[in-house]
Structure formats: C-alpha cells, structure tokens
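A.B. asks: Provide a 3D model corresponding to the input given below.
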Amino acid sequence: ATLLSAAAALPVATVACVRARRRAPPPRARAEAHADDKTRVDSWRPSARFNELAPTVLADAEKLQLVCDFDLTLTSGGSAQCHDIVGASHELPTTLRTSFEALLDFSTPFEPAFEGECWWVRANSVLVSHGEPRRTLLPRLVERAELTPRRGALELLAACAERDVPVLIVSAGYTEVIEHFLRRHGALHPNIRISSNRLVWDDAGVLVECSPSPPITSLTKSLTGARNAEWFSAHARRTSLLVLGDRCSDLQVADGLRDVRLQLSVGILNESGDADASAAEYGSLFDALLVGNEASLEVVGRMIRGR
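C.D. replies: So this is what the prediction gives:
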C-alpha cells in the first residue's frame with residue numbers, strides 16, 4: 001500500500017500558508033526584527049511517524065530521493081531571497097530597483113495586478129525590460145548578498161552526494177542564482193538538478209528572457225512531476241521521497257508521483273508571523289518541524305548517512 005504523508009490531503013491549509021508567507025516582510029526587515037535569533041533555542045519537533053520511519057527510510061540510500069526548496073530552506077531564515085538579489089541590490093540600476101520596489105513591499109496587501117502568479121510575471125517583466133541583471137554582474141550580486149547556507153545544509157547535500165541520493169531543488173527563484181550559490185560553497189554536486197526559472201542572456205550578456213512562461217511559482221509546485229517527468233522516470237526505482245521546505249506549498253512537489261510509495265517531510269518554520277499558530281498549522285502538515293531562522297538540518301544529514 002502507498003504510505004503518503006497527510007500533507008497532500010490539506011489544500012486549504014496549504015493555500016493559507018502560502019498567503020501568510022507571501023505577506024512576510026522583506027529579508028532585511030526580517031533580519032532586523034529577529035536579530036536575537038541566534039540566541040534562541042533551535043527546536044526539532046519530529047512526529048511519532050517520523051521517529052518510527054526516518055531512521056530506516058533515510059538510511060536506505062538506494063531507494064531514497066530528496067526534493068527540496070531553496071530560499072529560506074537551504075539558506076538561513078534571515079537570508080536574502082533570489083528576487084531580492086536580482087531586484088534590490090544597490091549594484092543594479094536605480095530605475096530597475098525603483099520598478100521592483102513595490103514587488104518587495106510585503107507590508108500591505110498587493111493590488112490585484114500583483115496577486116498570485118502575476119507577481120512572478122511582473123517581476124520577470126521588470127527585469128527583462130531593463131536587460132538586468134547582466135550575465136557578468138550576477139556572480140557579484142550573489143556573492144555580496146546577505147545569503148548564507150542554513151546550518152547543516154551543505155553537510156546534507158554532501159551526504160546525499162556521498163550516498164548517491166538524487167536531489168531535485170524546486171524553487172520559485174532563479175536557477176542561475178542557486179547554481180552560483182551552490183558552486184561558491186562547493187555544493188553543486190553531480191547528483192543535483194535545479195528546477196527553477198532561468199535567466200536568458202544574449203551574446204552581449206544582456207537579459208532578454210526569463211523562462212519558462214508561465215513562470216515557476218510557489219503556487220504551482222504541484223506541477224513539479226510534470227515539469228521533471230524525465231528526472232522522476234530515471235529514478236523510478238527510488239520509491240521513498242523526502243521533502244524539505246519552509247512553505248506548506250512545498251509539499252505539493254509530491255503531487256502525482258506514481259512511483260513514490262513512502263513520503264516523509266521536514267518543514268522549516270522561520271521566525272516570522274504568529275509562531276505559535278504557524279507551528280500548529282505546519283505541525284499538522286509536515287512529519288517533522290524545524291523552528292527558527294538558524295534551525296539546523298544537521299539531524300537530517302546524519303540520518304541519510306545512517307548515523
């Protein structure tokens with residue numbers, strides 16, 4: 001029988017989590033509001049189901065595959081996100097930053113033109129209309145951004161590489177940002193594939209397109225299986241799936257994966273919003289919960305190593 005996490009059966013709660021997350025303040029404001037995060041006690045909250053299944057399931061590398069989010073999942077909870085990097089850096093033209101500013105203001109509800117998937121369409125349109133970021137500028141934007149690996153994230157990716165566990169990173173951000181970040185930290189391993197929006201430059205290095213269209217968003221992660229059909233077909237014998245993410249919608253990456261027989265999920269609840277209410281909601285969806293901007297993925301990496 002198929003043993004799937006209860007998460008997939010709760011679309012209403014999932015949508016609520018997505019909306020709550022979209023209303024979070026931008027990274028700099030989050031970092032200032034939670035400057036004492038490092039002094040807080042990290043919380044690892046596994047369910048009874050996770051405690052029962054994880055030690056065996058995660059250590060069985062031949063059957064396991066990992067699908068995870070990037071922003072605020074593999075990076076710390078106070079980090080900049082992909083769209084902050086390509087739309088708000090002071091190294092970008094002032095006209096671009098001014099046009100992008102409204103998209104990064106989460107302090108008030110968005111006007112209808114920016115709601116839902118339209119937010120990503122508008123963001124891509126602003127970037128392409130300015131031809132930015134240029135190909136040669138992008139590495140510097142990533143390197144100078146407030147972007148740090150979550151504790152234990154690099155070790156987790158290394159464990160997957162050592163044990164030949166395929167990793168699919170599904171992000172509503174940008175592939176080139178993620179690739180450069182991982183490469184910079186020696187973590188762009190051969191077993192990793194990135195499913196995200198791509199920046200397309202012309203021969204002069206000017207941005208001319210963002211693909212695909214329509215874009216990959218946090219609201220369309222249920223299409224992950226269809227977008228990556230060849231990847232999942234190649235790994236059909238891997239019937240155990242571990243999902244990592246900081247949004248309830250990250251759980252939708254497992255929708256329609258027919259070969260998956262057992263799914264475990266780890267949610268990351270970063271320090272924003274009503275922590276108690278969010279923890280209850282997240283806890284009802286994920287099999288295990290990490291609470292805090294600096295919460296570590298080390299425990300997951302150890303389990304994959306069989307320790």
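A.B. asks: what bits of this protein have low per-residue confidence?
C.D. replies: For the chain, the stretches with pLDDT under 70 are 1-42, 273-278.
A.B. asks: let's go with 90 and repeat that
C.D. replies: Residues of the chain that meet the criterion pLDDT under 90 lie in 1-43, 102, 105-116, 271-283, 306-307.
A.B. asks: would you list every one of the helices in it?
C.D. replies: Ranges of helices in the chain, per DSSP state H, are 11-22, 27-33, 48-57, 82-87, 94-101, 118-130, 138-144, 153-162, 175-184, 224-227, 229-234, 275-285, 298-304.
A.B. asks: Distance to residue 265 and mean neighbour count added to these, as TSV?
C.D. replies: Glycine gets a C-beta too; all of them are placed from N, C-alpha and C. Rendered in TSV, the data for the helices of the chain read as follows (distance: least, CB to CB, whole Å; neighbours: other CB atoms under 10 Å):
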stretch	distance to residue 265	mean neighbour count
helix 11-22	12	16
helix 27-33	24	17
helix 48-57	9	15
helix 82-87	22	25
helix 94-101	32	15
helix 118-130	24	18
helix 138-144	28	17
helix 153-162	15	21
helix 175-184	21	20
helix 224-227	14	17
helix 229-234	17	13
helix 275-285	8	16
helix 298-304	11	20
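A.B. asks: To residue 217, which of these lies closest?
C.D. replies: Among those, the nearest to residue 217 by CB to CB is helix 118-130 (4.8 Å).
A.B. asks: what angle do the closest one and helix 94-101 make?
C.D. replies: Taking axes from the mean of the first three to the mean of the last three CA atoms, to 10 degrees, helix 118-130 and helix 94-101 form an angle of 170 degrees between their directions.
A.B. asks: Report the distance from helix 118-130 to the chain centre.
C.D. replies: 20 Å (CA atoms, centre = their mean, to the nearest Å).
A.B. asks: And residue 95, how far from residue 214?
C.D. replies: Computed as CB to CB, to the nearest Å, the residue 95 to residue 214 distance reads 26 Å.
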